[in-house]
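> Fold the stuff below for me.
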Amino acid sequence: MSDKILRIAVVGHPLSGKDVVAKYLEEKHNFYHVSSGDLIRKYIRDNNLGEPVRELMHHTANHIRQYGEPGILPKMAIKEQGDRPRLVLSGTRAKSDIDTFIDLGGIVIAVNCSIEDRYKRALERGRIGDHISFEQFKFEEDREATATEPYAQNVCYVVSRANYHIENDSDLQTLYHRTDEVLQRLGVASVQV
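Below you'll find the model as predicted:
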């Protein structure tokens, strides 16, 4: 598979470890990394919409998907990929986006982690909008988990489309090892960068 185009979406609930896995794929396996969240933050910045707090990001992502073309975020990522042989897209959360990514030949890896651990990470990370109560964190997650509109965030559906699952319930080395195991199953060799 080393001479073919390989596109992987790393999905999961907020703060499950998606970006950690994607960064590892970038650094260890020479994947070009595009974050859906970064695409949305850039859109917010470019259009002077305000601070990229979770609520605004949620609304903006839904707006882009509802009024743009279906699967616009993975299409933007693939366009950024250019002629690079390996792409990892992190943070895909909508039905239309994951369906488009799969239709374009992508493979999906879900990273799973408990809500309690993810909330703790949010507080430690300290990004704008992260310092909220556990109840608010859970409320926002529930809203993003099962929306019925194809353009809205439906993390449960996205995770259900995964070809592979990685449990993030231990340390970083274990997470990296589990990621390598999935790549071995895909026939992906490590690339020195």
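> what are the phi and psi angles of residue 164?
Dihedral pair for residue 164: phi -140, psi 150, per degrees, to the nearest 10.
> burial measure for it, as a count.
Other residues near residue 164 come to 18 when the count uses other C-beta atoms under 10 Å. For the C-beta atoms, the positions are set from N, CA and C on the backbone; glycine is no exception.
> Run through the residues that contact it.
107, 108, 109, 110, 182, 185 (C-beta atoms under 8 Å, 6 or more residues apart in numbering).
> List the beta-bridge partners for it.
According to DSSP bridges, the residues that bridge with residue 164 are residue 109.
> Show the model's pLDDT score for it.
We have a pLDDT of 98 for residue 164.
> can you check residue 61 too?
With respect to pLDDT, residue 61 scores 89.
> returning to that earlier point: now the contacts of residue 164 as a markdown table including neighbour count, pLDDT and distance to residue 36?
Formatted as a markdown table, the contacts of residue 164 follow (neighbours: other C-beta atoms under 10 Å; pLDDT from 0 to 100; distance: C-beta to C-beta, whole Å):
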| residue | neighbour count | pLDDT | distance to residue 36 |
| --- | --- | --- | --- |
| 107 | 16 | 98 | 16 |
| 108 | 22 | 98 | 13 |
| 109 | 25 | 98 | 14 |
| 110 | 22 | 98 | 15 |
| 182 | 18 | 97 | 20 |
| 185 | 10 | 94 | 25 |
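> Can you tell me which of those residues is nearest residue 76?
residue 108 (17.6 Å; C-beta to C-beta).
> where's that closest one relative to residue 119, distance?
From residue 108 over to residue 119 the distance is 25 Å, taken as C-beta to C-beta, to the nearest Å.
> For this structure, which segments count as helices?
When secondary structure is read from DSSP state H, the chain shows helices at 18-29, 36-46, 54-67, 72-81, 95-103, 115-125, 134-145, 155-160, 172-186.
> Compare the ones you listed and say which comes out lowest on pLDDT.
Out of the helices of the chain, helix 134-145 stands lowest, with a mean of 82 (criterion: mean pLDDT).
> Touching that one from outside, list them.
With C-beta under 8 Å, 6+ apart as the test, helix 134-145 has contacts from 13-14, 54-55, 58, 93, 115, 119, 122, 132, 153-156.
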